[in-house]
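Participant: Structure of the sequence below:
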Amino acid sequence: MTLNNFDEFSMLSAGSLAPYVGFTEEEVQKLAEEYHQNFCHLIKRNRDCFSKYPIT
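Facilitator: Next up, the predicted model:
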């Protein structure tokens, strides 16, 4: 038996699955803290974000 109707998706190329995969904002914030990254730069938010999450 062979697999002949196979589509591959990733988080970077999610296609029609995009609304269902990825990270929540809370998960990104936790990962940013863990890896010493600036949360606002990762989510590309407006300037208000920088007052709430200052660059450390």
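Participant: Could you report the distance from residue 10 to residue 18?
Facilitator: Using CB to CB, to the nearest Å, residue 10 is found at 11 Å from residue 18. Every C-beta, even on glycine, is put in place using the N, C-alpha and C of the backbone.
Participant: go on, residue 37?
Facilitator: Residue 37 is 23 Å from residue 18, by CB to CB.
Participant: What of residue 29?
Facilitator: 21 Å.
Participant: Over to residue 24?
Facilitator: Residue 24 sits 14 Å away from residue 18, taking CB to CB as the criterion.
Participant: remind me, longest helix of the protein?
Facilitator: Longest helix in the chain by number of residues (criterion: DSSP state H): helix 25-34.
Participant: How many neighbouring residues does the closest residue to residue 43 other than its chain neighbours have?
Facilitator: Among residues not flanking residue 43 along the chain, residue 28 sits closest, at 6.2 Å (CB to CB, 6 or more residues apart in numbering). Look at residue 28: counted by other CB atoms under 10 Å, it has 15 neighbours.
Participant: Run a quick check on residue 28 versus residue 42, I expect a contact.
Facilitator: Yes: proximity of residue 28 to residue 42 meets the contact threshold set by CB atoms under 8 Å, at 5.8 Å.
Participant: I'd like the next helix or strand past the longest helix of the chain.
Facilitator: For helix 25-34, the following helix or strand on the C-terminal side (DSSP states H and E) is helix 39-43.
Participant: Against which helices or strands is that following helix packed?
Facilitator: helix 25-34, helix 48-52 (3 or more CB pairs under 8 Å, 6 or more residues apart in numbering; DSSP states H and E).
Participant: Lowest average pLDDT across the ones you listed?
Facilitator: Here the lowest mean pLDDT among the helices and strands packed on helix 39-43 goes to helix 48-52, at a mean of 61.
Participant: Let me see the contact set for the residue positioned nearest the centre of the chain.
Facilitator: Central residue of the chain (CA atoms, centre = their mean): residue 23, 4.6 Å from the mean position. The contact partners of residue 23, by CB atoms under 8 Å, 6 or more residues apart in numbering, come to residue 31.
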